[in-house]
Structure formats: C-alpha cells, structure tokens
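**Student:** what follows is a predicted structure for the sequence shown.
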Amino acid sequence: MDYEEYFAFLLRQTASLPPETVFFLKDLFQGTAWNCLAKGEKLSIGRFFKKQVTNGKVPNISFIGKAANNSALYKKNLTGLKEKEK
C-alpha cells in the first residue's frame, strides 16, 4: 500500500468514529494489521498522517499532543469544529 491508499483508508476509518473520540493512529487498524507493519513503515505513516491532520486535510480530526509513550494522540471533533475553535 502506498501513502495515498493508506490515507484513503484512514479517512474512511476516522469518518466512522463517534465525535469526541480520542485515539492513536494504530487504533484505526483492525486486528494485527498495525503490528504487521515494519517500524519504519509505522513511523512514515504516522508522520504522513500527522502532516495531513495539521494541514487540515483530515476532516474533524485534531492532533492533541503526545502520550507518555511518545505516540501522537488525535481527537475527532464535533462536525465542522476544529479543536482550536471550541
């Protein structure tokens, strides 16, 4: 899968989340799919996804910070609102 395929997949996954859901990127993958990726792939996909979120290309999703394990945390906002606008 290339970045655009992952991005399309991740857009579908985030669209199905209920509002106010806080999640890690790996939570969007079913079963062991995330664990089957190489570490370098996970990091690359993570950087790509965060860039898309911060550039506003993932509707209603905000980057809210890092967890204790240094993984990025995201939140699905109420439809049409960015975290900063609340």
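**Tutor:** Structure's in. What do you need?
**Student:** leaving out sequence neighbours, find the closest residue to residue 58.
**Tutor:** residue 52 (5.3 Å; CB to CB, 6 or more residues apart in numbering). C-beta coordinates here come from the backbone N, C-alpha and C atoms, glycine included.
**Student:** just checking, what packs against the helix or strand hosting the one you found?
**Tutor:** Under the criterion of DSSP states H and E, residue 52 resides in helix 39-54. Counting contacts by 3 or more CB pairs under 8 Å, 6 or more residues apart in numbering; DSSP states H and E, helix 39-54 packs against helix 3-15, strand 61-66, strand 72-76.
**Student:** rerun at 6 Å
**Tutor:** Here helix 39-54 is seen to pack against helix 3-15, strand 61-66 when contacts are counted using 3 or more CB pairs under 6 Å, 6 or more residues apart in numbering; DSSP states H and E.
**Student:** next, the angle strand 61-66 makes with the longest one.
**Tutor:** Between the axes of helix 3-15 and strand 61-66, defined by axes from the mean of the first three to the mean of the last three CA atoms, to 10 degrees, the angle is 90 degrees.
**Student:** burial count for residue 76?
**Tutor:** Residue 76 has 20 neighbouring residues, counting by other CB atoms under 10 Å.
**Student:** and the pLDDT at the nearest residue to residue 63 once chain neighbours are set aside?
**Tutor:** For residue 63, ignoring the flanking residues on the chain, the nearest one in space by CB to CB, 6+ apart is residue 53 at 5.2 Å. What the model reports as pLDDT for residue 53 is 96.
**Student:** follow-up on the earlier one: of the helices and strands packed on helix 39-54, which is nearest residue 43?
**Tutor:** Across these, the minimum distance to residue 43, taken as CB to CB, is reached by helix 3-15, at 12.8 Å.
**Student:** next structured bit after the closest one?
**Tutor:** Following helix 3-15 in sequence order, the next helix or strand is strand 22-24 (DSSP H and E).
**Student:** avg pLDDT for that following strand?
**Tutor:** 97.
**Student:** quick revisit: for the helix holding residue 52, the distance to its chain's centre please.
**Tutor:** 8 Å (CA atoms, centre = their mean, to the nearest Å).
**Student:** in that helix, what's buried?
**Tutor:** Of the residues in helix 39-54, 42, 45, 48-49, 52-53 count as buried by neighbour count, 16 or more other CB atoms under 10 Å.
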